[in-house]
Each structure stands twice: as C-alpha cells, then as structure tokens.
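In: Here's my sequence, what's the structure:
(chains A, B and C)
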Amino acid sequence: MRVFCFFMLLLGLFAKAHAKDNVVNIYNWSSYISSDILKEFTKETGIKVNYATYDSNETLYAKLKANPHTGYDVIVPSTYFVDRMRQQGMLRPLDKSRLSNFKNLNPTLLNKSYDPGNHYSIPYFWTLTAIAVNSKIHSPQQLKNWADFWNPHYRNQLLLLDDVHEVFSMALMVLGYSANDTDPEHIRKAYLKLKQLMPNVRLFNNDGVKSLFIDEDLSIGMAWNGDIYQAAQENPALRFLYPKEGFVISIDSMAIPKDALHVNNAYVFINFILRPDIAKKLSLATGYPTPNLAAYRLMPKAILNNAMIYPDAKTLQRGVVQTDVGSAETVYQHYWELLKIGA
Amino acid sequence: MKSDRLFKGTTISMVWCWLFLFALLPSVLVLIMSFLQNDPTDLFRWKFSLQNYQALANPIYFKVFWHSFYIAGLCSVICLVLSYPFAYVLARLDSKYKSLLLFLVIIPFWTSSLIRTYAIISILKVKGLLNTVLLSLGIIQHPLTILYSSTAVIIGLVYSLLPFMILPLYVNIEKLETQYIDAARDLGANTLTTFLRVILPLTLPGIMGGIILVFLPAMSMFYIPDILGGAKSLLVGNLIQNEFLAAHNWPLGSAVSMVLTLAMGLLLLLYRRANKIGPYYDESIGEI
Amino acid sequence: MNRLAKFSYLAAIYCFLYFPIILLIIYSFNHSIYSLLWHGFTLDWYKQLGDDSDLIVVTLHSLEVGVLAASLATLIGTIAATCLYRYRFFGKHLLHGLLFVLIVSPDIVMGISLLILFFLLNMRLGFWSLLLSHITFCIPFVAVTVYSRLTGLDKNIFEAARDLGASDLISFRRIIIPMLWPAILAGWLLSFTLSLDDVIISFFVTGPDFQILPLYIYSLVRIGLKPELNALCSVMFVITLLIVVIFQLILPKKVNQ
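Out: Residues are numbered from 1 along each chain as shown, chains lettered A, B, ... in the order given. Below you'll find the model as predicted:
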C-alpha cells in the first residue's frame, strides 16, 4: 500500500516537472468556446491553451481578489464586473495596437459606461434577459410587460434568474426607475414589489434552465436569450418576448488580469477570437449572439432573422446595459437576502 | 522506554505540524477577518469592529440558522434510521463477501454528486420517472410536484450523506462482541430490552460518529438545497456563500461561519456533558 | 429476525443507492442534448467521449489527487486518532477542536482561507496546493471513523502488550493497525469520495494548469450538462465496479481476527 503511494507520488512529481512555456491560461465560462477553436488556435500559433472554467462572476472575482497570483492570462467577466475590477486596478490596460481585429466589433456595443473607450475589455458575447414562455401553455399575447408576471394566474409557476441584479432590475423597470438605480429608496420599493411577486415564483435558477423549459417543467419566466434559443431547437413551442418596460443587456468581455504571466500570448489569443471567421464559428457553436460585426455579416440568414438572438434595432433601443452600482451594492445585497429569507 | 517517547513525540508532532499549518492558521485568519470592517472596494479594512456580530444578532438571521438546523437534523435522523439496520445486518453478516458489499455502498458516490442530483431531478420532475410510474399505475391522478420543495431537498441530502452514516456505524458495530448479546439473552432479556440496554449503548460511539459526519456537513451544504429546493430560501450555507461572493462582505461571511462553528461546538459539548460518552478521551484511563 | 427480512432490507437500501446511477447509465444512451426525458437510443455521447482527450486528462488528474489525498489523509488521520486516544499531551483539546472546526467549516470559508494562506506563503497554485488542501479536509473524516472504532477496543490489550515488552511503535504496527483495519479502510473510502467530488475548495486552490473533473462538471451546469458527462460517469462507474468485484473475488480472503 505504502509502496503504491510513493510510486504514485513520484509519478505525480514527474508529471509536474516539465513546465510549459509557450502557454496561455484562459479562464472562461464553460461551453463558451468549442474545443475545435482551441485546437485551431494551437495549430496556427503553436501556443498551448490551458482552459479552466468558472460558473459565476462572483467566484472569479473572489478568487482573483484573495490571491492575485492565480496565473490566468485571459478572463471573461461580465459588464459590471469589468467596471468593478477596472476601478480596483485588477485589470491590465489594453494596447489596442496589438489587436488588429478590434475594428471588427460592432460599434454599438463599444464605449459603454462600464468601460469607456474599452481600455480594459473586449466584448466576447452579449446576452439579453427577457420573458421566456411556452406558447402551448400560456398565451404570449398576455405577456407584453414584466408587470404581467404579477398576475395571480401565474401562481407558483415563474422562473426567476438567481441573480440579484437581474431580478431587481426587472422590478425597478416595472416601477419606472432605471435598471441600474442606486437610490436606496427606489431599491427598497423594488424589494417590496418583489415581495408581492414571491407567491408566483416557483424557483430561482440560472443553470439547467434549458432542460426545464424543454421538458415543460416550467412554462414561463425570465431567461437569457442564448438559453431559450437553444431550448427552442428541441421544443419549438418556446417564445422569447421583449417587454415594453425594457430589458437588461449584459456584455461578457475578455480582459487581462494585472498579474498575467503570458501577456503576449494573451494578446494573440484575443486577436484570434476577434477574427470574423472564428467569431462566427464561436457564435454558431455556442448559440450566443456575437458582438463581432464582421462575423455577424457572415451568419446564415435564418439566424440573423431570429429575433431571439438578434432583436431588431427598434427593440434593441429598449435595452439597458448593466453597470456597476458602486456603494449601492450593499443595499441591493441586503434586500436580496431579506427577499430570500422571507422576512 | 526511550523509543516510546520518540515514537510518541514524532507522531504527535507530525499531526500537530500539519494541522497547525493547514487548519489552525486558516481558522485564525477567518477569526481575525470576522472582527474587521467591511470595505466595498477592498473587501475589508484593517480596523477592529464588532459590527458583524452585532448585525447577526438580528432575529432574521436566527430564522436562517433555525431552518438549516431543522433540515440538517431531519436529514440526520432519517439517515440514522435507514442506516442503522443496514449497518447492523451488514456488519454481523457471516460472509466472505462482506468487504465487497461495503465497497458497493460507496462506489455510487464516486460519480459526481452534481450529476447524481440531476438524476434525482429527472426522477422527481413533473414528467419524470416517479410521476410516470405512479400515474400509469393509477395511484395518483395528477402529477406530484415534489421538485422545488423541502421534500426534494431532504431526499437529495439523505441520498448524498447516507454512506457517511453507514460507514462509521458499520466499523463500530462490526466490533460488537456477540458475548454481550448472548449474556443478555441468557439473563432473560427480550429482543427490545437487549437492543435498548446492551446494543444501543455499545454502538453509541458509532452513532455519534455518523451524526457528526452527516449533521455538520448538512448544516453548511448549499448547492443541493439550491438545485432541488429552487433557491427560494436561504440556509446558512447559502448565507455564507452569498456574503463571500455576491455581497463581497468577507468579514460578515467570516462572522457567520464563526457563529456556525460555535453553535455546533456548543451542541457537541452539551451532548457530551449530558451523556459522558461519545468519541472523547476517557479521563479515568490515563495514558495507555 | 429471519434471513429474508434482513436481505430484503439490504437489497432495498442498495436499490435506493444505485437507482440514480442506473438511470444515469440509461441516459448516457439518450438521444437528446438537454432534455431529461427519453428520446431514443444513441451511442453519440460515447463517441464524443472517446474524442475528448481533455476530459480524459481532467479525469485522470482527479483520480491522481484522489488516491494520493486519501492515502496521506488516512495515514495522518489514523495517527491523529490514535494519539488522541492513547496519549496525554500539550494542546490535546486544541487538536480535538481543530479537527472539529475542519468538519464544520463551510467549504467556501475553507477554500478562501486556504487561498489566502497560499498567497501569504507565496506558493503557486496548482497540483500541490490542491493536494495539500484535499488532504487537510479529509483528515477529520478518517479521524472520526477510526476513533469510533478505537473506543470499542478492549483496553487490556495495550496493557498486555506493554507487559510483554512491546514498544509503542510495535504495538501500533502489530496490534492497533490490524484491529483498526476496517475503520482505516472506511476512512480511505470516505476520503477518496470526498476528494473526487470536491468542488468549492478545489475551485479556489487549484491553478490554471491543473484542471479537475468536479470543477469541469460544476461549471458546465451553467449551460446545461453535456450528455457526454453521463457517458463518462457510466464508464467510470462500470470500471470501478469491475475492478472492485474482481479484486474482492479473486484475491484470497484475509482471515478475521
């Protein structure tokens, strides 16, 4: 038994002995890339990719904050996290001259308040949060606004995203306030409004939403467009509706942490992703909308016309990009906890 | 003997070194953190403050603790009731396949618990296996909505923690001397009395071990209650998770963790006081 | 209690434990990506699994850490339990307390505090930080299991051994270990299980070049579990089952004391 252990230990040591230098360490959401693209990258550039994944912005942030020397070269935080990390000096300013493909990006998604001038982040995917409904079970005609969720008809049927900002943004928009409101009084009113919604809520969930809608365990709720688009491939009765009050847009962006080990390789990788053909492959493989305009133009017509992924310009005007709420964060978290505790 | 002192010294130092570095130091870090002030940008400020503990004195947090306590407690009791007969029969089995059967208990748990939980979801769903079978047999008329309720959470927790009750019970019962049971029988005790007066007290260390390994983790588990319960309520585990991750309030998260540790420690001490038994050093014996 | 009742109860519990696994195996042949209902038979996911060398590497990493962590934790945990049982020493109650704290501590608290510790020690994150952390959280589970068996031992044996001139080391190796063998094995099994499945602590203490299976699975949950994973779990399950059964049936049985 002991001999076996020592043998394994030696094996382990040997395996770790040889360090790889021509590497890039990517830290991303899982399934936000296909392994084919990674293989193509390595084939073209000779740089090996270490691809690690996380499941939420919060865990990414906590890890980087607790130990800045994590060794990741490229990370993919969402909008307001880019804002927060940028303000706290956790990100490296980007030298755009090293990103020749930057021009391919859609200008309407650039230069937002979470990162003016995009000095720290490059958009990777963007998602929308709106109303998902199974048209066989509920009539889409009755779901023009977020406010329709409060209808007692939907008792114990709603899915809400398990994210404080998505849920509170919805309530704030219903009350006519900004989705990124920082006024504690407004946030409190949003909390009271949400308390009234709780009897209608069946569950809070971000994950596994697709299977719940496909198998019709759920028939109504708030969801991300990519999820519903993919679910609709297996259950054509699903619809995605954009409420009149507005909806939240979230942009996931590539960024380089301050203490990245392989900065050159990070730039090579980011520039690679920005190539139109790669961005197009990425979007088709994962089902999420691409922020790359050049890639967008290469997409099949059927997808371009699908309002689930790419709503028309008029609808898009009602969309609001998430931003960091600064010190109001503690207020949001406090009411979120109260909402969940059921006080 | 001199070699004895060397042996004793080496073994104790070895254990102490490891636990000092990887258990004591991190715990001290958490303790210190719980007395610091929260800072929105930098996670914490180097300033002593009791505000975290003061914030926890709020009755709403008591509700969270009580809810977790109830769920963990219920889970432990169900695990115990299910496991005890199983461990008893298995431990006293006179078969050469005994250790194989023990292995068979734990092998299912080498698959990812997350995937197993999703398998449970697929059983409990509205169109899932359970409902399909019950509906087709005519036992129920409408599908049961067990999913996203406390029942589903308990089922999930019991399923995940069962081997942690079975194994400690098994290793303890296996050492039970048949002669005690025989003696009791000879003295005229019936099965129930034998069980209550002889078997139960002798297997109490095993029961305590099992309860510790089930109740304590159950108190701080959060993703099974989230996935199966619909994340509609906050348990202590979720609260701590929330404070550390979403709320960026590491000091408060640390404080909740310390309160949890103290509460559990208190319970264990009370139990020990009340019974003077359990996996603790028996002072009367001295060194052996 | 008659034999039928006994065996029925055993069988019932085994069914309870194995039912989700059987379901998992069935679903690995399910012709659907995200749905959890049956849509027809397919071998696609097994083909995908064979092509996915990354997933296989990740699984091997997990197994490597699992075996090493379980073995070392069993060693340290057994020694810890024995010391706590036999000896009086300075800081004994603190040691008890530390083991207790390790079990009670929520994963996230342990993960973050260990991460900070590694930062303070200026240690790079990767295989070693992961292994050390895994060993640490497994130790108390071994200690509790072994201890619960120790308290059932006949204390006169130690006296007898000492009277016959055995040193502590000899009595440890020749008497205690054999008598504790089931508990040590149980402790190893529990530790291996914990290590294979740990997500939160591993997330915080692992480095970019050492990815493990539970993290991979957990982060996939966001998007929807790939059915390829069902295939992987089925394969792992069948292989471990075969290894264990063959091991137990073919090897000569150890005589019970």
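
In: Stretch A:332-341: which residues count as buried?
Out: Using 16 or more other Cβ atoms under 10 Å in any protein chain shown as the test for burial, stretch A:332-341 gives A:332-341. Where you see a C-beta, it was placed from the backbone N, CA and C, and this is true even at glycine.

In: Tell me the secondary structure at B:D182.
Out: helix (DSSP: H, G, I helix; E, B strand; the rest coil).

In: Contact residues of chain A facing chain B?
Out: Applying Cβ under 8 Å from any Cβ of the partner chain, we find that chain A lies next to chain B at A:56, A:58-59, A:61-62, A:65, A:87-88, A:162, A:164, A:198, A:201-205, A:207-208, A:215-217, A:326-327, A:329-330, A:333, A:336-338, A:340-343.

In: again, 7 Å this time
Out: Residues of chain A found near chain B, taking Cβ under 7 Å from any Cβ of the partner chain as the criterion, are A:58-59, A:62, A:65, A:88, A:162, A:164, A:201-205, A:215-217, A:327, A:329-330, A:333, A:337-338, A:340-343.

In: Please type out the PyMOL selection for whichever of those residues turn out to be buried.
Out: Burial among those is assessed by 16+ other Cβ under 10 Å; the matching PyMOL selection reads:
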select buried, chain A and resi 58+59+62+65+88+162+164+201+202+203+204+205+215+216+217+329+330+333+337+338+340+341
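
In: Okay, and which of the residues of chain A next to chain B map to helices?
Out: A:58-59, A:62, A:65, A:164, A:329-330, A:333, A:337-338, A:340-341 (DSSP state H).

In: tell me the mean pLDDT over stretch C:70-90?
Out: In this model, stretch C:70-90 has a mean pLDDT of 89.

In: What separation is there between the residue nearest to A:L109 when sequence neighbours are not counted and A:E166?
Out: Nearest residue to A:L109 in three dimensions, chain neighbours excluded: A:P291, at 4.6 Å (Cβ to Cβ, 6 or more residues apart in numbering or on different chains). Relative to A:E166, A:P291 is positioned 20 Å away (Cβ to Cβ, to the nearest Å).

In: Neighbour count: the two, which is higher?
Out: Shown here are A:P291 and A:E166; by other Cβ atoms under 10 Å in any protein chain shown, A:P291 has more neighbours (24 against 20).

In: Give me the neighbour count for A:N22.
Out: 12.

In: Could you confirm A:M308 falls within a helix?
Out: No: secondary structure of A:M308 (three-state DSSP): coil, not part of a helix.

In: In the chain, mark out all the strands, start to finish.
Out: Because you didn't say which chain, this covers chain A. Assigned by DSSP state E, chain A shows strands spanning A:23-29, A:48-54, A:74-75, A:122-134, A:158-160, A:201-204, A:220-224, A:238-241, A:247-254, A:319-321.

In: Actually, chain B is the one I wanted.
Out: Under DSSP E, chain B gives strands at B:36-39, B:43-48.

In: got TSV for these, with mean neighbour count, distance to chain A and mean pLDDT too?
Out: Compiled in TSV, those are given as follows (neighbours: other Cβ atoms under 10 Å in any protein chain shown; distance: least, Cβ to the nearest Cβ, whole Å; pLDDT from 0 to 100):
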stretch	mean neighbour count	distance to chain A	mean pLDDT
strand B:36-39	18	8	83
strand B:43-48	13	6	80
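
In: Can you name the helix or strand that the residue nearest the centre of chain C falls in?
Out: What sits nearest the mean C-alpha location of chain C, by Cα atoms, centre = their mean, is C:F192, with 1.9 Å. Element membership for C:F192, per DSSP states H and E: helix C:177-197.

In: now the end-to-end length of stretch B:182-197.
Out: Terminal residues of stretch B:182-197 are spaced 13 Å apart (Cα to Cα, to the nearest Å).

In: Do you know the pLDDT at C:V109?
Out: At C:V109, pLDDT is 89.

In: Hmm, I typed the wrong one, I wanted A:M222.
Out: 94.

In: With the one 4 residues further on instead?
Out: For A:G226, the pLDDT comes out at 83.

In: Go through the buried residues of stretch A:332-341 and say which is closest to A:I278.
Out: Ranked by distance to A:I278 (Cβ to Cβ), those are led by A:Y332 at 36.8 Å.

In: Excluding covalently adjacent residues, which one is nearest to that closest one?
Out: Going by Cβ to Cβ, 6+ apart, A:Y332 has A:V164 as its nearest residue, at 5.4 Å.

In: Show me what from chain B comes close to chain A.
Out: Looking at chain A, the residues of chain B close enough under Cβ under 7 Å from any Cβ are B:40-41, B:43, B:60, B:63-64, B:125-127, B:148, B:230-234, B:242, B:244-247.

In: Only whichever of these are buried, select them in ChimeraX.
Out: Applying 16+ other Cβ under 10 Å to the residues of chain B next to chain A leaves a buried subset, and the ChimeraX line that selects it is:
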select /B:43,64,125,126,148,230,231,232,233,234,242,244,245,246,247
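
In: Contacts only, for the residue nearest to A:K136 when sequence neighbours are not counted.
Out: Residue nearest to A:K136 in three dimensions, not counting chain neighbours: A:A237, with 4.3 Å by Cβ to Cβ, 6+ apart. Residues in contact with A:A237 (Cβ atoms under 7 Å, 6 or more residues apart in numbering or on different chains) are A:134-136.

In: Would you mind finding the longest helix in chain C?
Out: Assigned via DSSP H, chain C shows its longest helix as helix C:53-86.

In: If you count contacts, what does it end up packed against?
Out: helix A:2-17, helix B:2-19, helix C:92-104, helix C:127-150, helix C:177-197, helix C:213-220 (3 or more Cβ pairs under 7 Å, 6 or more residues apart in numbering or on different chains; DSSP states H and E).

In: who wins for proximity to C:P20 among those helices?
Out: Of these, nearest to C:P20 by Cβ to Cβ is helix C:177-197, at 14.3 Å.

In: Who are the packing partners of that closest one?
Out: Looks like helix C:177-197 contacts helix B:150-173, helix C:53-86, helix C:127-150 (3+ Cβ pairs under 7 Å, 6+ apart).

In: Single out the most deeply packed of those.
Out: helix C:127-150 (a mean of 26; mean count of other Cβ atoms under 10 Å in any protein chain shown).

In: Which strands and helices lie in contact with that helix?
Out: Against helix C:127-150 (3+ Cβ pairs under 7 Å, 6+ apart) you get helix B:150-173, helix B:200-220, helix C:53-86, helix C:92-104, helix C:107-120, helix C:177-197, helix C:200-205.

In: Next secondary structure after it?
Out: Note on helix C:127-150: by DSSP H and E, the next helix or strand toward the C-terminus is helix C:156-163.

In: Which residues of the stretch 151-257 of chain C lie near chain B?
Out: C:151-152, C:155, C:158, C:167-169, C:182-183, C:186, C:189-190, C:193, C:196-197, C:214, C:217-218, C:221, C:225, C:229-230, C:233, C:236-237, C:240-241, C:244-245, C:248, C:253.

In: Just want the most central residue of chain B.
Out: Centroid-nearest residue in chain B, with Cα atoms, centre = their mean: B:V214, separated by 2.1 Å.

In: for the chain, what helix or strand is lowest in average pLDDT?
Out: Assuming you mean chain A. helix A:2-17 (a mean of 55; mean pLDDT, DSSP states H and E).

In: Chain C was what I was after
Out: helix C:168-171 (a mean of 75).

In: quick one: buried residues of that one?
Out: Buried, per 16+ other Cβ under 10 Å, within helix C:168-171: C:168-169, C:171.

In: before we move on, what about stretch C:11-31?
Out: Judged by neighbour count (16+ other Cβ under 10 Å), stretch C:11-31 contains these buried residues: C:13, C:17, C:19-21, C:23-25, C:27-30.

In: pLDDT weak spots in chain C?
Out: Within chain C, the segments meeting pLDDT under 70 span C:1, C:33-36, C:219-225, C:250-257.

In: do the same with chain A
Out: For chain A (pLDDT under 70), the answer is A:1-21, A:30-31, A:343.

In: State the helix or strand in which C:F7 lies.
Out: helix C:3-27.

In: Just name whatever secondary elements that helix is in contact with.
Out: Counting contacts by 3+ Cβ pairs under 7 Å, 6+ apart, helix C:3-27 packs against helix B:59-91, helix B:113-124, helix C:227-250.
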